[in-house]
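[1] I need the structure of the sequence given here:
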Amino acid sequence: MKLSILDQVPIALGQTAQDALFETISLAKLGDELGYHRYWVAEHHDLNGLACPAPEVMLGLIGAQTTNIRIGAGAILLPHYKPFKVAETFNLLATMYPNRVDLGLGRSPGGSAESSVALSGNFLENVRRMPELLDELLHFLNDDFETGHMFSTIKPSPVPDVLPVPWLLGTSEKSAVLAAEKGMNYAFGHFMSEVDAKPILSKYKSILNEKYPKKTKEIIMAVQVICAETSEQAEQIALKSFVWSRSRGEYSNSSDYMEGILTKEQLDEFENAKQKMIIGNPSEVKRILSELQQLHQVDEFMILTNTPTYTERQKSYELLAEVIME
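    Sure, this is the predicted structure:
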């Protein structure tokens, strides 16, 4: 089982955006040392509590301070950008850090409607054009526009010896089908989806086998995990994380953010949220991941861990590495 890290660059309780960005670099270095396979940075725009609108900037810094771990975006939100610029940026990263760069792609807005308009104008129209944008981007990366196409004479320089590996991220059958039709690797956001992953991943494999029989199927399942030394500690951290995630920006320090008593409605909401989380001690988390691996036939899990403190987040990744990558 491969383990990777998804980092949304959360601003921990009482910390600043600058703190969050430097903690991302520190966690990437730790992931490299612990043997995690990939480190992907998410893209968000003007969302309270999340600090990174430009994963590609962070990847340039992370790549310089790590050695073996693959680095990538999870995801570049393609409807906001021109494919040529994305190809240039990730070719540059792949030139700097050979055979280590992934280009995860998504179509969510990553922020409010207003921020989407500010970024890309008619976002919904660009989402509709997502298959077309993917085609253009893949042609730029592979340098295989048809002769006579207006882009056939240009290249997204510098062109690396080993190209960045494109992935499509999604949470539905629609994204899985699109990934398969384009012959792309697929990352399924288990922690964001309300639907059963099994038929979705089966559909992806079926279409990919039919259209690209020689292509190796690479699938990542992204899951939200909180691991602690005991089940009780993990449950407590999960509850604190739930309260914190819904009150970002309201508390400037840790002295009073858990003083209030949750209402029944809030506790019910927490119980619902837990259905999409993996919470427990190392052996419990390992067991659940193993069950998911067997059920969905995936070999790699990308772990998202957001906690009110960076110490709790780091400890969770350390414990998980010890029990699975021992």
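[2] how about the strands of the stretch 201-326 of the chain, start to end?
    219-227, 277-280, 300-304 (DSSP state E, counting those that start in this stretch).
[3] will you turn those strands into a markdown table that also has mean pLDDT, mean neighbour count and distance to residue 320?
    Glycine gets a C-beta too; all of them are placed from N, C-alpha and C. Listed next are these as a markdown table, based on pLDDT from 0 to 100; neighbours: other C-beta atoms under 10 Å; distance: least, C-beta to C-beta, whole Å:
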| stretch | mean pLDDT | mean neighbour count | distance to residue 320 |
| --- | --- | --- | --- |
| strand 219-227 | 98 | 24 | 5 |
| strand 277-280 | 98 | 22 | 10 |
| strand 300-304 | 98 | 24 | 7 |
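[4] so where is the stretch 151-300 of the chain shaky, pLDDT-wise?
    Applying pLDDT under 70 to the stretch 151-300 of the chain flags the ranges 248-261.
[5] how about the helices in it?
    Along the stretch 151-300 of the chain, counting by DSSP state H, counting those that start in this stretch, helices occupy 173-181, 197-211, 231-245, 264-274, 282-296.
[6] need these in CSV with distance to residue 167, can you?
    Shown next, in CSV, are these (distance: least, C-beta to C-beta, whole Å):
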stretch, distance to residue 167
helix 173-181, 8
helix 197-211, 12
helix 231-245, 26
helix 264-274, 26
helix 282-296, 17
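[7] right, so of these, which gets closest to residue 75?
    helix 173-181 (10.7 Å; C-beta to C-beta).
[8] mind putting the strands of the stretch 201-326 of the chain into CSV with distance to residue 168?
    Listed next are these as CSV, based on distance: least, C-beta to C-beta, whole Å:
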stretch, distance to residue 168
strand 219-227, 11
strand 277-280, 24
strand 300-304, 14
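[9] out of the ones you listed, which comes closest to residue 39?
    Closest among the strands of the stretch 201-326 of the chain, once you apply C-beta to C-beta, is strand 300-304, at 9.5 Å.
[10] could you dump that closest one to PDB, C-alpha only?
    Taking C-alpha atoms only, strand 300-304 is exported to PDB below (Å, rounded to 0.1, in the frame of the first residue of the first chain):
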ATOM      1  CA  GLU A 300      -2.500   4.200  -3.100                       C
ATOM      2  CA  PHE A 301      -4.200   6.400  -0.600                       C
ATOM      3  CA  MET A 302      -3.700  10.100  -0.400                       C
ATOM      4  CA  ILE A 303      -4.100  11.200   3.200                       C
ATOM      5  CA  LEU A 304      -5.700  14.500   4.100                       C
END
